[in-house]
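Asks: Predicted model follows, preceded by the sequence.
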Amino acid sequence: MPFLPSFEYPVSRTYPGRVFAPSALGGGLVVLLSLATINTALAGYETVTGFDSDFNVTQSLWFNRFLPSAAKSMPGTLCDPRLLGLGDTITTNYSMFQYTIASVNTANAGDSGFLYHGWILDNCDITSLYVNADTNTFMIDYTVLVTCRPDEAQVRQGIDFEITARADFTESTLSGKYGTLFRDQKAGISNQSLDARTWVRSSILATSGAEFATRGLILQALTNGSFPTIISFRAQFPWCPASFGPDAACAVQVPHLNVTDMFEYTPSLGIQLYSSSGQFTEPLITNDTFGIISNTVQAVYAAVRLDLGNPSPNNFLLNTSMISDAITATFPQTHPNRLGILNLPTQSYLYSILVDDGHYSTVTVDFSIAGLLPLTSPGPGVLDGVYLCRFQRAKPPRSAFIAVLVATLSMFTTGWSIFLTIAQAVVKRHKPDANVCQGHTDATPYESEPLLEGNIGAMPMHPRSGTVLSRITALVNSYRLMQQKEI
């Protein structure tokens with residue numbers, strides 16, 4: 001049937017040489033084992049999603065030692081970044097304060113988004129503090145503003161952003177007022193270093209607040225109501241993040257009290273205002289209020305920078321030699337005491353607990369931090385959170401075996417075919433008749449003319465003429481020759 005294709009098969013012969021077969025089998029075995037090992041890493045694992053609190057988490061597997069550095073998992077490549085927007089709540093890894101995104105001045109995700117890739121907060125620092133102290137409600141409200149900007153390395157990479165986060169909390173002596181600060185516990189419960197920081201923070205803020213309220217209430221009584229019952233002010237700080245280094249002037253010197261706006265309400269005098277940039281430029285801070293305002297500002301400033309992981313030398317919580325420069329130890333006796341009943345405190349309780357001189361024992365609440373200062377220098381601060389990450393996990397044994405087997409056999413059979421093709425080409429190049437039968441190469445084509453003339457000697461004989469076909473052919477030719485002679 002001419003319309004059907006003809007099927008052929010090649011003539012095969014043994015490759016020359018005694019070492020070819022052992023070498024090919026040995027090399028094939030080595031390649032097979034190598035492919036099985038490689039495919040165990042490639043096909044024996046699957047990618048699964050999981051959660052991790054560290055954005056820069058890495059994964060180390062048994063085959064990582066054989067990979068080049070560029071192929072290994074690098075920090076920040078396994079997890080998705082965290083997208084933040086206005087109003088989102090964040091904390092640092094120290095969890096001393098809770099912040100809210102107050103403004104996104106320069107967005108790095110869309111029009112108003114902030115994409116956080118787990119970098120350290122070396123370019124974040126406190127810039128403003130708002131304080132509202134009301135002796136009528138026995139509460140002091142605080143609002144802290146923290147500004148974050150990109151460092152030089154991020155700017156070179158084209159990463160640009162600027163955000164402002166705010167932390168709001170309240171200090172009160174009222175039993176029914178629940179505190180809003182995080183991790184309000186003593187040291188040694190779960191993590192000694194971390195809990196020491198949070199206990200110190202709680203102690204100094206509670207002590208400064210109690211000192212503010214106590215001195216204010218006593219002054220109101222001694223002045224017959226001419227001391228303000230509401231004091232509200234705003235303090236500004238120079239932006240001095242950790243990236244500036246420990247030798248920067250702003251990191252060595254204690255920042256001066258810089259109150260830019262102030263509000264006071266006195267029952268006898270009414271409302272008084274102050275603004276450094278407005279029409280009310282007469283300062284309202286007096287000898288009665290300077291010490292308690294300054295101590296409150298310095299206490300919050302030190303605690304917030306500790307939460308940001310800033311190890312600046314001017315932080316008196318890390319460097320106790322700065323306590324006397326940052327904290328007012330004594331207050332002036334501006335009004336005489338009354339019959340020994342109303343005694344205006346002149347010694348600072350905050351200073352007392354910091355230097356542990358025992359004077360704080362006269363306070364009804366024990367805010368002692370004896371033995372906890374100086375605190376250990378904090379490590380880099382990062383935003384606390386949970387990230388969606390992709391990890392490699394070994395497949396179940398049966399699935400892994402099938403996947404590795406299929407991948408290995410497919411690679412090996414392909415490679416083995418290529419190897420044999422190359423080997424055949426090399427042999428044929430040196431010996432063109434390598435894969436042709438020896439009989440076909442040595443024999444010459446049959447010639448029909450001599451047979452017609454009766455010359456049987458002209459008939460070529462196969463060197464191995466003992467075959468049945470050769471004998472039959474010789475007999476037929478002999479019979480024809482005899483007939484021709486009889487005629």
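Replies: Perfect, thanks for sending it. Numbering: from 1, shown residues only.

Asks: Going by C-alpha atoms from here, please, whenever you check contacts or count neighbours.
Replies: Noted.

Asks: How about the contacts made by the spatially closest residue to residue 335 that is not a sequence neighbour?
Replies: Leaving aside its sequence neighbours, residue 335 sits nearest to residue 222 (Cα to Cα, 6 or more residues apart in numbering; 6.9 Å). By Cα atoms under 8 Å, 6 or more residues apart in numbering, residue 222 lies in contact with 335-338, 342.

Asks: cool, and residue 383?
Replies: Residue 383 neighbours (Cα under 8 Å, 6+ apart): 90-93, 118, 120-121.

Asks: and what of residue 40?
Replies: Listed by Cα under 8 Å, 6+ apart, the contact partners of residue 40 are 400, 404.

Asks: can you tell me how far it sits from residue 347?
Replies: 72 Å (Cα to Cα, to the nearest Å).

Asks: Need phi/psi at residue 173.
Replies: Main-chain torsions, residue 173, degrees, to the nearest 10: phi -90, psi 0.

Asks: re the thing from before, of the contacts of residue 222, which is the most crowded?
Replies: Within those, neighbour counts (other Cα atoms under 10 Å) peak at residue 337, which reaches 15 neighbours.

Asks: what sits against the residue nearest to that residue when sequence neighbours are not counted?
Replies: With Cα to Cα, 6+ apart as the criterion, residue 337 has its nearest non-adjacent residue at 5.0 Å, and that residue is residue 343. Counting by Cα under 8 Å, 6+ apart, residue 343 touches 218, 336-337.

Asks: Kindly indicate which of those residues lies nearest residue 380.
Replies: Residue 380 lies nearest to residue 218 out of those, by Cα to Cα, at 42.8 Å.

Asks: Can you list the low-confidence ranges for the protein?
Replies: Within the chain, the segments meeting pLDDT under 70 span 1-13, 70-71, 182-194, 339-340, 361-366, 433-477, 479-487.

Asks: Mind splitting it into its structural domains?
Replies: 82-388, 438-486 (automatic domain parsing).

Asks: Present these as CSV; the columns should include distance to residue 411.
Replies: Output for the domains of the chain, formatted as CSV (distance: least, Cα to Cα, whole Å):
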stretch, distance to residue 411
domain 82-388, 35
domain 438-486, 36
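
Asks: Nearest to residue 404, out of those?
Replies: domain 82-388 (28.5 Å).

Asks: starting at the chain centroid, how far to the closest one?
Replies: Centre-to-centre, domain 82-388 and its host chain are 29 Å apart (Cα atoms, centre = their mean, to the nearest Å).

Asks: residues touching residue 154, list them.
Replies: residue 160.

Asks: Which strand or helix spans it?
Replies: helix 152-156 (DSSP states H and E).

Asks: Heading C-terminal from that helix, find the next helix or strand.
Replies: Going down the chain from helix 152-156, the next helix or strand is strand 162-172, by DSSP H and E.

Asks: Using PDB, write out every CA atom in the helix holding residue 154.
Replies: Written as PDB, here are the backbone C-alpha positions of helix 152-156 (Å, rounded to 0.1, in the frame of the first residue of the first chain):
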ATOM      1  CA  GLU A 152      19.800  58.300  52.800                       C
ATOM      2  CA  ALA A 153      20.000  54.700  51.700                       C
ATOM      3  CA  GLN A 154      16.300  54.500  51.100                       C
ATOM      4  CA  VAL A 155      16.300  57.800  49.200                       C
ATOM      5  CA  ARG A 156      19.000  56.400  46.900                       C
END
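
Asks: just to revisit the earlier point, ok, which pair from the contacts of residue 383 is furthest apart?
Replies: Longest span within these, Cα to Cα: 90 and 120, 14.0 Å.

Asks: who's more crowded, these two?
Replies: residue 90 (19 against 15).

Asks: Give me the nearest residue to that one, chain neighbours excluded.
Replies: residue 99 is the one closest to residue 90 (Cα to Cα, 6+ apart), at 5.2 Å.

Asks: For the one you found, give me phi and psi.
Replies: Dihedral angles for residue 99 - degrees, to the nearest 10 - are phi -110, psi 160.

Asks: For it, which residues are in contact?
Replies: If a contact means Cα under 8 Å, 6+ apart, then residue 99 has 89-91, 165-168 as its contacts.

Asks: Buried among those residues? Make that a ChimeraX selection.
Replies: Applying 16 or more other Cα atoms under 10 Å to these, the buried members can be selected in ChimeraX as follows:
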select :90,91,165,166,167,168
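
Asks: what helix or strand does the closest residue in space to residue 380 that isn't next to it in sequence sit in?
Replies: What sits nearest to residue 380 in space, not counting adjacent residues and going by Cα to Cα, 6+ apart, is residue 309, at 5.1 Å. Residue 309 belongs to no helix or strand when elements are defined using DSSP H and E.

Asks: Also residue 390?
Replies: Judged by DSSP H and E, residue 390 forms part of strand 387-394.

Asks: Next secondary structure after that strand?
Replies: Downstream of strand 387-394 (by DSSP H and E), the next one is helix 397-430.

Asks: Do a quick rundown of the strands in the chain.
Replies: 45-52, 82-84, 89-92, 99-106, 114-116, 124-134, 139-148, 162-172, 230-236, 259-266, 270-275, 383-384, 387-394 (DSSP state E).
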